[in-house]
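Asker: here are the coordinates; sequence isn't available:
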C-alpha cells in the first residue's frame, strides 16, 4: 500500500507541475467563479439579516426612546390599536431586541460587550392594511414627534430599495458565476486530457501490463480534485477579505446602534458558505476529471 | 492454453481481418504466425489479450472465454500475458530499470518484489550492467531485450510477440530469438507474428500461415513457405 500512495502522490504532483500554466488557468477560473458565488451568498445573508425585522408585510417601525415612559408606550399602543388603517402590530421589548441583537453580532464580542438590553430602543412593528406607499408614509408620519418616539423607519424607503438592488446585483453575480463555473469545468476537463495525452504512452503500457483502470485514473482524478480545492481555498480567502471590508465599512459601534444597519453575517452562515464552496470545488474537480478520464480508458 | 473457436473479426468498413478461425495452442508451445501484411496476424494477437473483441466466435485463454470477459477483469487477464512489439514501447523518460519496474509497480507489487525481480530479469536478458541507461542510449536489440524483460518480469503464462525482430538486423534478431526460446523453455507459451523467413526456417517450430483472414496452413516444425 505504501508504494501505491507513493506512486499516486508522485504522479499527481508531477502532472500538476508539468501543466503549470493550464493548471493555473483552471485554478484561477475555479477561484473567481466560487469567489463570486461566495460573495453573492454572503451579501444575500447580510441583506437578509439587515432586513430581518421587515418580514411579514411590516411596512414601518416606530422606534421608541430607550428611556420612554410607560404612559408614552401605552399612548402609542392605543393609537395603533385604534387606527383603522393598521391591520396589526407587534411590540418588541428590550429583551427581545437584545436577543435579535445577540443573534446578529454573536461573532463580534466587542460590539456585544458594549451593549446591554436597557440601552436598546423598543419598537412597534406595524403592518398596515394598505400597500400604497403614500398612504403608508402618511400613516407613519402621524407618529412622528409624539412623546417618547425616537424615529419612524419605513420599509419602502430603505428595505425595498436594498432588497431590490441586492436581488438584481446577486442575479448578475450568480449568472457570471455559473458561466465561469462552466468554463472552469471545461478547463479542468481539458487540463486533465492534456495531462493524459502527454502520458498516453505510459497509459498504453500500463493497460498492456494489466494495471486496473482505477489505478490509472486515480492520479488524474486527484489532479482535478486538487485544482478544485485550490480554487475553493482561494475563493474562501477572497470572501473573507470581502466580508472584512464590509464589516469595517458598515461597522456600527457604541451605544447608539442603528438597528436597521445590521448589515452583518453570522458565524454559522459564513461556515455554511465556506463548506458550500469547498464542496462545489471538490465536486467540480472530481466531476471534470471523471469526465476527462473516460476517454482514454476504453479497454 | 489458447483456443479460438469460429472466430471472425470484422473491422469498420467491412474489412475482414479474420474469418471463421479455429486454432488450439497448447501450454508451452512456440507458434509462428506468418503471412503477408493484412492477413490477420496482428488481429490474431490482439484478440488474445482483449485489445480487440471478436465479431463472432469464442476466444479461450487459460480456460476462460475472454470474448465475454467483463471489462474490469481484463487487467487481471493481462497480468498473465506478456507483450512485445516491433517498436518496443519503452518509456523514454525512464531508465531501463524503471521501465521494467514500472510493469510491477502499476499492478501493485510490493517494493521487495520489485527490488528482487527486476535485477534478476535484467540479468536474464543480459542487461544487468545497463539498468541506469535510458532507452535511447541502447541499441535496438538491447531495447527489445528491455521490453522482453518488462513483458516477462511478472512471469506470464503467455508471451505475445508482434514482429519483435522487425526493426532489427539479422544478427541481433538471432540473439532475441535465443532469448525468446529460453523463455519458452521455462514453460511459457509463445505466439509470435513475423515476416522473418530465416528465423522461422531456423527455429523449426509450429507455423500457422494466414492469408486474407483464413488459416491456409498449420504445420508442426514448419518453415516460412
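Answerer: In hand now; what should we look at? Because the structure is predicted, anything quoted here is derived from the model rather than measured.

Asker: Residues contacting the helix ranked longest in chain B, please?
Answerer: Assignment by DSSP state H gives helix B:170-185 as the longest helix of chain B. Residues outside helix B:170-185 that contact it (C-beta atoms under 8 Å, 6 or more residues apart in numbering or on different chains) are B:28, B:30, B:124-126, B:139-141, B:144-145, B:148, B:152, B:159, B:161, B:164-165, B:168, B:190, B:192, B:196, B:198-199, B:202-203. Backbone N, C-alpha and C define where each C-beta goes, glycine included.

Asker: Going by neighbour count, list what's buried in it.
Answerer: B:172-177, B:179-180, B:183-184 (16 or more other C-beta atoms under 10 Å in any protein chain shown).

Asker: per-residue confidence averaged over that helix?
Answerer: The average pLDDT for helix B:170-185 rounds to 94.

Asker: re the thing from before, select from the contacts of helix B:170-185 every entry located in helices.
Answerer: With DSSP H as the criterion, helices contain B:124, B:140-141, B:144-145, B:148, B:152, B:198-199, B:202-203 from among those.

Asker: Is stretch B:3-22 in proximity to chain A?
Answerer: No - using C-beta under 8 Å from any C-beta of the partner chain, stretch B:3-22 stays clear of chain A, coming no nearer than 14.7 Å.

Asker: For that stretch, what is the distance to the chain centroid?
Answerer: Centroid displacement of stretch B:3-22 relative to its chain, using C-alpha atoms, centre = their mean, to the nearest Å, is 20 Å.

Asker: what about that stretch, how long is it end to end?
Answerer: Its first and final residues considered, stretch B:3-22 spans 7 Å by C-alpha to C-alpha, to the nearest Å.

Asker: picking up where we left off before, most neighbours out of the ones in helices among the contacts of helix B:170-185, which is it?
Answerer: The most crowded member of the ones in helices among the contacts of helix B:170-185, judged by other C-beta atoms under 10 Å in any protein chain shown, is residue B:144 (30 neighbours).

Asker: Identify the residues contacting that residue.
Answerer: B:84, B:88, B:164-165, B:167-168, B:172, B:176.

Asker: ok, it to residue B:30 distance?
Answerer: Residue B:144 sits 17 Å away from residue B:30, going by C-beta to C-beta, to the nearest Å.

Asker: Likewise for residue B:175?
Answerer: Applying C-beta to C-beta, the value for residue B:175 to residue B:30 is 17 Å.

Asker: Please name the bridge partners of the spatially most central residue of chain B.
Answerer: For chain B, residue B:160 is the residue whose C-alpha lies nearest the centre (C-alpha atoms, centre = their mean; 1.6 Å). With DSSP bridges applied, residue B:160 shows beta-bridge pairing to residue B:83, residue B:191.

Asker: Just list the residues touching it, thanks.
Answerer: Shown in contact with residue B:160 (C-beta under 8 Å, 6+ apart): B:45, B:48-49, B:81-84, B:191-192.

Asker: 10 Å instead?
Answerer: For residue B:160, the contact set (C-beta atoms under 10 Å, 6 or more residues apart in numbering or on different chains) comprises A:208, B:2, B:33, B:44-46, B:48-49, B:51, B:81-85, B:151, B:189-193.

Asker: In this structure residue A:10 contacts residue A:219, no?
Answerer: Yes - using C-beta atoms under 10 Å, residue A:10 makes contact with residue A:219 at a distance of 8.4 Å.

Asker: Compare neighbour counts for the two and give me the winner.
Answerer: Set residue A:10 next to residue A:219 and count neighbours by other C-beta under 10 Å: residue A:219 wins out with 23 against 11.

Asker: ok, the more buried one touching residue A:195?
Answerer: Yes - counting by C-beta under 10 Å, residue A:219 sits close enough to residue A:195 to count as a contact (8.9 Å).

Asker: any residues in contact with both of those two?
Answerer: Counting by C-beta under 10 Å, 6+ apart, the contacts common to residue A:219 and residue A:195 are A:11-12, A:14-16, A:289, A:293.

Asker: most surrounded residue in the residues you listed?
Answerer: The most crowded member of the shared contacts of residue A:219 and residue A:195, judged by other C-beta under 10 Å, is residue A:289 (29 neighbours).

Asker: Double-check that it belongs to a helix.
Answerer: Yes - using DSSP: H, G, I helix; E, B strand; the rest coil, the assignment for residue A:289 is a helix.

Asker: Skipping its backbone neighbours, what lies nearest it in space?
Answerer: residue A:224 (2.8 Å; C-beta to C-beta, 6 or more residues apart in numbering or on different chains).

Asker: got a list of what that neighbour touches?
Answerer: The neighbours of residue A:224, taking C-beta under 10 Å, 6+ apart as the test, are A:12, A:15, A:26, A:185, A:188-189, A:191-192, A:195, A:282, A:284-293.

Asker: what do you get if the cut-off is 8 Å, keeping everything else the same?
Answerer: Contact analysis of residue A:224 by C-beta under 8 Å, 6+ apart lists A:188, A:191-192, A:285-290, A:292.

Asker: next one: residue A:76
Answerer: By C-beta under 8 Å, 6+ apart, residue A:76 lies in contact with A:62, A:64, A:124, A:143, A:146, A:148-149.

Asker: quick one: which of those residues has the most company?
Answerer: Neighbour tally across those (other C-beta under 10 Å): the maximum, 26 neighbours, falls on residue A:62.

Asker: Leaving out sequence neighbours, find the closest residue to it.
Answerer: residue A:124 (4.3 Å).

Asker: Kindly confirm my reading that that neighbour is in a strand.
Answerer: Yes - according to three-state DSSP, residue A:124 belongs to a strand.

Asker: Please tell me how far it sits from chain B.
Answerer: Applying C-beta to the nearest C-beta, to the nearest Å, the value for residue A:124 to chain B is 70 Å.

Asker: Give me the longest helix you can find in chain A.
Answerer: Ordering each helix of chain A by length in residues (DSSP H) puts helix A:160-198 first.

Asker: now it, how far from the chain's geometric center?
Answerer: 16 Å.

Asker: again, but for stretch B:213-224
Answerer: Per C-alpha atoms, centre = their mean, the displacement of stretch B:213-224 from the mean C-alpha position of its chain is 18 Å.

Asker: How about stretch A:14-34?
Answerer: 25 Å.

Asker: Kindly report the same for stretch B:163-170.
Answerer: The chain centroid and the centroid of stretch B:163-170 are separated by 14 Å, computed with C-alpha atoms, centre = their mean.

Asker: Which single residue in the stretch 51-200 of chain A comes nearest to chain B?
Answerer: Among the residues of the stretch 51-200 of chain A, residue A:199 lies nearest to chain B; the distance is 9.3 Å by C-beta to the nearest C-beta.

Asker: picking up where we left off before, looking at the ones in helices among the contacts of helix B:170-185, spot the one nearest residue A:21.
Answerer: residue B:140 (36.8 Å; C-beta to C-beta).
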